[in-house]
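K.L.:
Build me a model:
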Amino acid sequence: MRKIWGARNMNNLNIALDSLVANRLRSFLTALGIIFGVGAVIAMLAIGRGAKEEIMNQMKLVGVNNIVIKPVLEDKKDEEEKAAQGKNTEEEKKKFSKGLSLQDAHSILKMVPTVEAISPEMILEQDVIYSGKSKRLKMVGVEPSFFALNNIGLSSGKMFNEQHLGGGEGVCIIGAGVKRKFFISEDPLGKVIKCGQQWLKIIGVTDEKLISSATKQNLGIRDYNMDIYVPIRTTLVRYRNPAIRIEHRSWFEDDDSRNQPVNQSVHQLDQLVVKVQQPEQLTASAGIISRMLKRRHSDVMDFEVSIPEQLLQQQQKTKDVFNIVLSAIAGISLLVGGIGIMNIMLASVLERTKEIGIRMALGAQKRDIVMQFLFEAVLISLCGGFIGIILGVLGAYIVDKVADIKTIISVISIFLSFVLASSVGLIFGISPARKAANQNPIECLRHA
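P.N.:
Sure thing, here's the model as predicted:
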């Protein structure tokens, strides 16, 4: 019985194939909706997955549960206007702040219980010289917590120890890009490079950190591979310490000059990264830190607090909306394709009325007619799905290369496309197939 049923189905499949081949142009036009629908599904899933991975990579770059505090420099134009208007009042003197400092970092770590780690940073541009090669690079004064908070490991060498950190010693850790620039064929560990006016001994090299140009622009981060890292106390002792300049000015200049507003470039730190224990503590901790710093800075808002993770989450929501729109477009295309299949198949039933009557007169049963037209609908959908997959993969590749939007094509998306294509053919092919099977054989044979 199974053999007979299998043979009959194979016969119905062959008849369906012959019909599609005989009407190739009509079959192709019928499949266009499926082609574009499946292509849109493939491209949408590829763009969505690429966007999600890009967000995850950016999260790794900025660190998880981090709060970033940056100094705000007072506009010189505003200072000139204040000076011109004679606004040198007692209130302005009272609101003078020494800016973002290491003392702020220590106070936050000590006073805010939700803080897990903190990383102060000082950034200076210096001319770096070694073995006749010279390049202007960023020298970053950091503490060991910087590397943990920014997910930066060492490929060789060692981390700063207590002696390096406490004594302001002339040691450094270089980025992988710096190693490629100055040490192509030699081991940099133990070598001494000139950084500005100081000689620094290299004790470590960081891992390569892949960062795209778009990511650096979106997140406002540096290329960590091209930085030179030194203990922050080394930066303060050997290079620059704005706090000393403020103290020097207040002690050795006359009363009139001390009363003048000081330019806000006296910030000791260029950035302060705070890591909290749990994601749900980010907003509350940022508020506490902001109020605490405002009090320490005499109610002067000379800093800004941001939460990169929340910004990225908002960016992810925006991309999710974009993906939903793409999904809706793909769904509409598949729906239109399915309706197109149903309409063409209904027209085909009317066109092939006599053929149906002859088959039924020769012994074909209703289920044979149903299977024949269902096979045709599903075959059209599957062929359209196959072409749509090729179109979707090609479209995702073009988007990746031309629009510089990362796309990732997965096996799941291809499998899902085949399932959608066959389901559309099956669902929208049922009605024409049943209509064909319910034809009266005698009326069909009388059909001209």
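K.L.:
What's the mean pLDDT across stretch 399-414?
P.N.:
Averaging pLDDT along stretch 399-414 gives 82.
K.L.:
Please disregard the earlier target; I meant stretch 49-63.
P.N.:
70.
K.L.:
cool, stretch 201-211 as well?
P.N.:
Computed over stretch 201-211, the average pLDDT equals 88.
K.L.:
what does it rub up against?
P.N.:
61, 147, 152-160, 164, 170-176, 179, 188-193, 221, 223-225, 229 (Cβ atoms under 8 Å, 6 or more residues apart in numbering). For every residue, glycine as well, the C-beta is placed using N, CA and C.
K.L.:
Quick one: residues contacting Leu334.
P.N.:
Counted by Cβ under 8 Å, 6+ apart, Leu334 has contacts 33-34, 37-38, 41, 420, 424.
K.L.:
In three-state terms, how would Val205 be classified?
P.N.:
strand (DSSP: H, G, I helix; E, B strand; the rest coil).
K.L.:
Low-confidence regions, the stretch 301-448 of the chain specifically.
P.N.:
Within the stretch 301-448 of the chain, the ranges that satisfy pLDDT under 70 run 309-316, 318, 444-448.
K.L.:
So which residues of it form helices?
P.N.:
Using DSSP state H, counting those that start in this stretch, the helices of the stretch 301-448 of the chain run over 308-351, 353-361, 366-402, 411-437, 441-446.
K.L.:
Please, which helix or strand holds Gly37?
P.N.:
Gly37 belongs to helix 24-62 when assigned by DSSP states H and E.
K.L.:
coming back round to it: filter the contacts of stretch 201-211 down to just the buried residues.
P.N.:
61, 147, 152, 157, 160, 164, 170-176, 179, 188-189, 193, 221, 224-225, 229 (16 or more other Cβ atoms under 10 Å).
K.L.:
Okay, Asn440 and Arg238: tell me how far apart.
P.N.:
100 Å (Cβ to Cβ, to the nearest Å).
K.L.:
Please apply the same query to Met44.
P.N.:
On the measure of Cβ to Cβ, Met44 and Arg238 end up 55 Å apart.
K.L.:
Neighbour count for these two, which is higher?
P.N.:
Comparing Met44 with Arg238 by other Cβ atoms under 10 Å, the one with more neighbours is Met44, at 25 against 20.
K.L.:
thought Leu32 was touching Gly340?
P.N.:
Yes: if you go by Cβ atoms under 8 Å, Leu32 and Gly340 touch, sitting 7.4 Å apart.
K.L.:
List the buried residues of stretch 434-447.
P.N.:
In stretch 434-447, counting by 16+ other Cβ under 10 Å, buried: 435-437, 439, 444.
K.L.:
To what extent is the closest residue to Gly157 other than its chain neighbours buried, counted in neighbours?
P.N.:
The spatially closest residue to Gly157, leaving aside those adjacent along the chain, is Gly204, at 3.0 Å (Cβ to Cβ, 6 or more residues apart in numbering). Other residues near Gly204 come to 19 when the count uses other Cβ under 10 Å.
K.L.:
What residues of stretch 127-136 count as buried?
P.N.:
For stretch 127-136, by 16+ other Cβ under 10 Å, it's 128, 130.
K.L.:
ugh, wrong one, I meant stretch 105-119
P.N.:
105, 107-108, 112, 114-115, 117-119.
K.L.:
Return the alpha-carbon coordinates of stretch 387-407 using CSV.
P.N.:
Taking Å, rounded to 0.1, in the frame of the first residue of the first chain, the C-alpha atoms of stretch 387-407 are listed here in CSV:
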residue,chain,number,x,y,z
ILE,A,387,16.9,32.2,-5.4
GLY,A,388,15.9,34.4,-2.5
ILE,A,389,18.7,32.9,-0.3
ILE,A,390,21.3,33.7,-3.0
LEU,A,391,19.9,37.2,-3.4
GLY,A,392,19.9,37.7,0.4
VAL,A,393,23.4,36.5,0.9
LEU,A,394,24.6,38.7,-2.0
GLY,A,395,22.7,41.7,-0.5
ALA,A,396,24.2,41.1,2.9
TYR,A,397,27.7,41.0,1.4
ILE,A,398,27.1,44.2,-0.5
VAL,A,399,25.8,46.0,2.6
ASP,A,400,28.8,44.8,4.5
LYS,A,401,31.3,46.0,1.9
VAL,A,402,29.6,49.1,0.5
ALA,A,403,27.7,50.6,3.4
ASP,A,404,30.2,49.4,6.0
ILE,A,405,27.5,47.8,8.1
LYS,A,406,28.6,44.5,9.7
THR,A,407,26.5,41.5,8.6
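K.L.:
Just the residues contacting it, thanks.
P.N.:
31, 34-43, 46-47, 49-51, 53-54, 214, 409, 414, 417-418, 421.
K.L.:
and the buried residues of stretch 434-447 as JSON lines, adding distance to Lys138?
P.N.:
Shown next, in JSON lines, are these (distance: Cβ to Cβ, whole Å):
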{"residue": "Lys435", "distance to Lys138": "74"}
{"residue": "Ala436", "distance to Lys138": "74"}
{"residue": "Ala437", "distance to Lys138": "76"}
{"residue": "Gln439", "distance to Lys138": "80"}
{"residue": "Cys444", "distance to Lys138": "83"}
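K.L.:
Go through those and name the one nearest Val370.
P.N.:
For the buried residues of stretch 434-447, the closest approach to Val370 (Cβ to Cβ) belongs to Ala437, at 4.6 Å.
K.L.:
In contact with the closest one, which residues are there?
P.N.:
If you count contacts by Cβ under 8 Å, 6+ apart, Ala437 has them with 366-367, 369-370, 373.
K.L.:
For it, give its distance to Asn12.
P.N.:
12 Å.
K.L.:
what does Gln271 give?
P.N.:
71 Å.
K.L.:
any weak-confidence spans in the stretch 151-300 of the chain?
P.N.:
212-221, 241-266.
K.L.:
tell me the angle of the helix or strand harbouring Ile289 relative to helix 308-351?
P.N.:
Ile289 is part of helix 282-296, with elements assigned from DSSP H and E. For helix 282-296 against helix 308-351, the angle by axes from the mean of the first three to the mean of the last three Cα atoms, to 10 degrees is 150 degrees.
K.L.:
start at 57 instead
P.N.:
OK, 57 is where the count begins now, so the last one is helix 338-352.
K.L.:
buried residues in helix 338-352?
P.N.:
338, 341-342, 344-345, 349, 352.
K.L.:
For burial, what's the neighbour tally of the closest residue to Arg105 other than its chain neighbours?
P.N.:
The shortest distance from Arg105 to any non-neighbouring residue, by Cβ to Cβ, 6+ apart, is to Ile464 (4.3 Å). Neighbours of Ile464 under the rule other Cβ under 10 Å: 17.
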